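In: Here is a sequence with its predicted model. Questions after.
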Amino acid sequence: MTSRANEEPASLSTLDIKPHPRGFGAAIRGVDLSQPLHARQVAEIRQAWLTHQVIYFPDQPMSHSALESFSRCFGDWGDDPYVAPIEGHEHILEIRREPDEKVSPFGGAWHSDWSFQACPPSATILHAKEVPPVGGETWYADGYAAYEALPALEQHKLEALTAIHSARRPYSHEGYQAGRGPERSMRIMPSDKAYETQRHPLIRTHPETGRKALWVNAVYTIGILELAEEGARKLLKRLCEYATESRFIYRHRWSNDMLTMWDNRSVQHCAQGGYNGYRRILHRTTLAGDRPH
Ligand code: SIN
């Protein structure tokens with residue numbers, strides 16, 4: 001694992017980590033993310049991320065290079081296709097929606113980032129630049145809790161299945177993001193590559209925690225290898241609805257300069273609307289992940 005952390009001074013205090021009541025999500029204070037992190041801070045943040053899955057740091061003004069340095073403390077860069085990065089910063093995407101924009105928010109359906117890749121990202125990191133006074137939350141669904149709440153027999157059955165993931169629904173030339181260029185302030189780049197598919201286990205074992213998660217999402221999971229089309233469609237619909245029931249959800253409210261980092265290997269998320277008339281801007285990086293198993 002890459003570490004860009006600094007040597008630790010004796011006086012370094014531990015982080016103030018406030019987990020949510022169910023343990024899914026935690027607020028972290030007591031660290032300045034605009035400065036280089038010490039090895040112990042990186043280790044504590046990493047542990048909090050693995051334990052609570054979605055961690056957030058309020059009040060952290062950060063430059064592009066500070067966001068890049070923070071991100072690289074936790075791994076190598078992920079590969080971000082289909083969306084043009086910020087000029088001069090090839091690993092930062094700008095999630096932007098203007099006050100008069102009519103198209104639905106980018107990321108506005110439940111998904112795990114780039115789950116159509118052979119090795120989808122381990123982490124996504126978002127830094128809030130301009131947050132609307134209403135709406136614009138990001139909702140997160142806990143894939144561990146969804147798996148653990150299933151009856152043992154169903155867990156066992158689902159563990160034998162292979163999900164097929166693809167970027168075709170949003171990012172092919174016929175996809176719902178294609179041809180909307182003039183209406184959207186983000187530059188989306190549809191491609192024939194979006195028709196490619198990847199097979200991933202429907203129940204994923206986390207490579208670091210060893211916990212199992214239900215790992216399907218409504219945007220990128222398009223089939224199940226072992227089932228005929230209609231059976232797969234019905235099962236996926238049921239599982240996607242189940243995985244995003246309110247008991248598994250954390251509704252994240254943003255504030256300016258908040259940094260949030262989540263574990264894509266167990267969490268899916270969905271950007272909410274409700275802020276027409278206001279601008280919303282967040283900067284995003286992803287970190288490389290493993291092949292799901
Ligand atoms: C995303 O899907 O990465 C965007 C999430 C958001 O804008 O809330």
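Out: Nice, thanks for sending it over.

In: was I right about Val134 contacting Tyr275?
Out: Yes. Between Val134 and Tyr275 there is a contact at 5.7 Å, judged by Cβ atoms under 8 Å. Just so you know, the C-beta spots here come from the backbone N, C-alpha and C atoms, and that holds for glycine as well.

In: Nearest residue to Ser63 in space, please, no chain neighbours.
Out: Take Ser63 and drop its neighbours on the chain: the residue closest to it by Cβ to Cβ, 6 or more residues apart in numbering is Ser34, 7.1 Å away.

In: Repeat that for His91.
Out: Nearest residue to His91 in three dimensions, chain neighbours excluded: Trp77, at 4.9 Å (Cβ to Cβ, 6+ apart).

In: burial of Pro9, as a residue count?
Out: Applying other Cβ atoms under 10 Å, we find 7 residues neighbouring Pro9.

In: One more: His293?
Out: Neighbour count for His293, taken as other Cβ under 10 Å: 9.

In: Does the worst-scoring helix or strand of the chain on mean pLDDT reach the ligand?
Out: Taking mean pLDDT, DSSP states H and E as the measure, the chain has helix 168-171 as its least confident helix or strand, at a mean of 93. No. Shown here: helix 168-171 not in contact with the ligand (Cβ under 6 Å from any ligand atom), separated by at least 10.7 Å.

In: Please list the outside residues in contact with that helix.
Out: Identification of contacts with helix 168-171 by Cβ atoms under 8 Å, 6 or more residues apart in numbering yields 81-82, 174-178, 188, 190-191, 194-195, 219-220, 222.

In: and what of stretch 202-213?
Out: 50, 143-144, 146-148, 155, 158-159, 161-163, 214-216, 224, 239, 263, 265-266, 290, 292-293.

In: Among the residues you listed, which are located in helices?
Out: Cross-referencing the contacts of stretch 202-213 against helices under DSSP state H gives Leu50, Gly143, Tyr144, Ala146, Tyr147, Glu148, Gln155, Leu158, Glu159, Leu239.

In: From these, pick the one nearest Ile95.
Out: Using Cβ to Cβ, Gly143 is the member of the ones in helices among the contacts of stretch 202-213 that lies nearest Ile95, at 22.1 Å.

In: can you tell me how far the closest one sits from Val267?
Out: To Val267, Gly143 is 6 Å away according to Cβ to Cβ, to the nearest Å.

In: rewinding a little: can you narrow the contacts of stretch 202-213 down to the ones near the ligand?
Out: Okay, of the contacts of stretch 202-213, nothing touches the ligand (Cβ under 6 Å from any ligand atom).

In: Just the buried residues of these.
Out: Listed as buried from these are 50, 143-144, 146-147, 158, 161, 163, 214-216, 224, 239, 263, 265-266, 292; burial here means 16 or more other Cβ atoms under 10 Å.

In: And the residue of the protein that's closest to the ligand?
Out: Of all residues in the chain, Gly107 sits closest to the ligand, at 2.3 Å by Cβ to the nearest ligand atom.

In: What sits closest to that residue if chain neighbours are left out?
Out: Among residues not flanking Gly107 along the chain, Ala271 sits closest, at 4.0 Å (Cβ to Cβ, 6+ apart).

In: what sits opposite the one you found in the beta ladder?
Out: Note on Ala271: beta-bridge partners by DSSP bridges are Thr138.

In: and it, how many neighbours?
Out: Count around Ala271 with other Cβ under 10 Å applied: 21.

In: Which pLDDT value goes with Tyr7?
Out: Rather than Tyr, residue 7 is Glu. We have a pLDDT of 65 for Glu7.

In: what about Ala66, helix or strand, and which?
Out: If you go by DSSP states H and E, Ala66 is part of helix 64-72.

In: Export that helix to PDB, keeping only CA atoms.
Out: Backbone C-alpha positions of helix 64-72 (Å, rounded to 0.1, in the frame of the first residue of the first chain) are rendered in PDB as follows:
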ATOM      1  CA  HIS A  64      -6.400  20.400  -5.500                       C
ATOM      2  CA  SER A  65      -2.900  19.300  -4.500                       C
ATOM      3  CA  ALA A  66      -3.900  18.800  -0.900                       C
ATOM      4  CA  LEU A  67      -6.800  16.600  -2.100                       C
ATOM      5  CA  GLU A  68      -4.400  14.700  -4.300                       C
ATOM      6  CA  SER A  69      -1.900  14.200  -1.400                       C
ATOM      7  CA  PHE A  70      -4.600  13.100   1.000                       C
ATOM      8  CA  SER A  71      -6.000  10.600  -1.500                       C
ATOM      9  CA  ARG A  72      -2.600   9.100  -2.200                       C
END
